[in-house]
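Asks: Pasting the sequence and the predicted model now:
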Amino acid sequence: MANVIRATSAGEIGAWDMFTYRVSKWVRSPTPYLMLVGFMLFFGAWFLLSEVFRFWRFASLPGPRQVLIEWFNPNPVYGMSLYTPDYYVHVWSSLRRVLYAFVISTGLGVPFGLFLGWSKTFREFTFPVFETLRPIPVLAWVPLAIVMFRGEETPVIFLTTLASFYATALNTMLGVQSIDEAYPRAAACLGASKWQIFRHIIIPGALPFIFTGLQISVGVAWFSLVAAEMVSGEYGLGYLINTSYVNVQYPVILIGMISVGIVGYASSALVRLAGDYLMQWRVRELALGAGR
Amino acid sequence: MNARGDMATKGAIRIQNVDKMYYAREGAVQAVSDCSLDIRAGEICMIVGPSGCGKTTLLNAIAGFHDITGGAIYLDGEMLCGPDRPKADPGPDRVVVFQNGALFPWKTNLENVAFGPVVQGRLTKAQANEKARGMMADAGLVGVEHNYPGEVSSGMRRRVEIVRALMNDPKVLLLDEPFRALDSLTKSVMHEALLEIYYKNKVTIFFITHDLEEAIFLGHRVAIMTTRPCKPKKILDVDIPHPRDYSVLTSPRFRSLMEETVNAVHEEAVKAFEAGEKEM
């Protein structure tokens, strides 16, 4: 496999070639089929437990068939399906909030984490405060968020940003600390200034950890978004789940949950793709490693 | 640059009564004590000694990564570090090639080689790339310019790293067991490659190693260091004329030098082992 890449002169390989190469390799590997089997087992078990055997407490759980029928129903019983515009308003509201929160938490968290890792002084006076705030759960911030921020949107975005920010900042800091001491030393030897070392060594060196952080960050963004929407806000998937519970529309709860799952999965996949695009050196190293 | 046999006029290192003490968990450790060594300009000086004897501490002091607690180090008569300034500033006149390699994995080989002159502002990126291409070609590194270091063999990476150092026209090359991780065949190829590069550039080389054969094969002189605290125990003149090639290894003179070194080093290695020195 490695030779295939090398032979076409690795220097000229674009991101797109790399992408198609990986997709074709993926399709030929057992990975996608195992994934399918995994999903089938999961949904099969759910189906059998809730709809066929009506086993124990699963009897009160809407089954996958029931949920799918409702989800794809042009005239949904509970008024929420792929055919109702309201559904998209909910999805879009959540998506937009996560996007804002992700941009804010990345914009603040990456520089903050870089400085935490880079400057001992900065770390010594900010990290203890950071570590004290970090364990406070998002839900504990809800009252303050509502008091502090006006309107419907800002408190939810604030709450969504919080946990993402911690994940990004912490991973970025670890990323800086994980950089082999030899790299900044080598750069200093070659005449790089402190700032040049920061730009050419610290930032790219921390990038693998930063992207790990960003993946956790999108994940927890969805997590805290849904929590925040359940308490405040008038649209969004979290709000949908909560009101469906209040209105005893159980299949809609599942529609909301599965939608969060799908959109959440897609957003982490996007972050992973962006990471691969920015870290070609790593992708190629890993591709070689796998081919050897 | 210089013709073969010419001695360079720059890059003389004078290490004068250097002390280095640091504090570890087990208390104060005297890593280097009253160490004096004169390295001539354009000389390949091999530093040999048991693990953890403080050789790397000495290299770090010259490079400017650590301070020293006593004595002074001069480069061409100018004080790098001494009584008033315990730590030298790292700079492109003394470039280190690291034990485990320190090519930046996120830059291509060419970008790595061109890095020095660009960050120093001496050359534009285009000029640096051109010079880098030329120097890489001289060192037999054609066709890997756009590969990342992780994509080429370890021997090749070492060569790229040495070329990256030479791009800055350093006065001194500080090598810290650069070939340690290579297999012996690759190592022998690297030795000849290094000598070839040396004959073209005539830069002073401060080379730390454990490998006695390597030390005698490459060096004009071999400094055998005592176990901690580190100071020269014996300095061996390798009177085999340069340029050398691998046929030297089987010559009687090489054998007798080898014997002399082995005896001196073994004594220190036993001492180090008994003292329970850690690999550093």
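Replies: That came through, no problem.
Asks: From A:Leu68, how far out is A:Gly238?
Replies: Applying CB to CB, to the nearest Å, the value for A:Gly238 to A:Leu68 is 22 Å. For glycine as for every other residue, the C-beta is placed from the backbone atoms N, C-alpha and C.
Asks: Could you verify that B:Gly71 is part of a strand?
Replies: Yes. In this structure, B:Gly71 lies within a strand as judged by DSSP: H, G, I helix; E, B strand; the rest coil.
Asks: give the contact list for it.
Replies: Shown in contact with B:Gly71 (CB atoms under 8 Å, 6 or more residues apart in numbering or on different chains): B:Ile15, B:Gln16, B:Asn17, B:Val18, B:Asp19, B:Asp34, B:Cys35, B:Ser36, B:Gly82.
Asks: just B:Arg253 next, same as before
Replies: B:Asp239, B:Ile240.
Asks: wait, is it part of a helix?
Replies: Yes. Secondary structure of B:Arg253 (three-state DSSP): part of a helix.
Asks: Looking at A:Gly238 and A:Leu68 now, which is surrounded by more residues?
Replies: Set A:Gly238 next to A:Leu68 and count neighbours by other CB atoms under 10 Å in any protein chain shown: A:Gly238 wins out with 27 against 16.
Asks: can you give me how far the helix or strand hosting that one is from the chain middle?
Replies: A:Gly238 belongs to helix A:237-246 when assigned by DSSP states H and E. Distance, stretch centre to chain centre, for helix A:237-246: 22 Å (CA atoms, centre = their mean, to the nearest Å).
Asks: tell me which strands and helices it is in contact with?
Replies: Packing contacts for helix A:237-246, counted by 3 or more CB pairs under 8 Å, 6 or more residues apart in numbering or on different chains; DSSP states H and E, involve helix A:85-118, helix A:203-231, helix A:250-278.
Asks: returning to that earlier point: grab the two from the contacts of B:Gly71 that are most spread out in space.
Replies: Spatially, the most separated pair among the contacts of B:Gly71 is B:Asp34 and B:Gly82, at 14.7 Å (CB to CB).
Asks: Quick one: the helices in the stretch 1-150 of chain B, in order.
Replies: B:55-63, B:109-120, B:125-138 (DSSP state H, counting those that start in this stretch).
Asks: for the stretch 51-200 of chain A, same thing?
Replies: Under DSSP H, counting those that start in this stretch, the stretch 51-200 of chain A gives helices at A:64-71, A:85-118, A:120-133, A:138-148, A:153-178, A:182-189, A:194-197.
Asks: Please state the backbone phi and psi of the residue in the stretch 1-150 of chain B positioned nearest to chain A?
Replies: Residue nearest to chain A within the stretch 1-150 of chain B: B:His146 (2.5 Å; CB to the nearest CB). The phi/psi pair for B:His146 (degrees, to the nearest 10) reads phi -100, psi 10.
Asks: Quick one: name the residues of the stretch 51-200 of chain B near chain A.
Replies: Contacts of the stretch 51-200 of chain B with chain A, taken as CB under 8 Å from any CB of the partner chain, map to B:63-65, B:90-92, B:94-96, B:98, B:100-102, B:104-108, B:115-116, B:119-120, B:145-148, B:150-151, B:164-165, B:168.
Asks: Which members of those residues are positioned in strands?
Replies: Secondary structure from DSSP state E places B:Arg94, B:Val95, B:Val96 of those in strands.
Asks: How confident was the prediction at residue 36?
Replies: In the absence of a named chain, chain A is used. We have a pLDDT of 92 for A:Leu36.
Asks: Correction: the question concerned chain B.
Replies: Per-residue confidence (pLDDT) for B:Ser36: 87.
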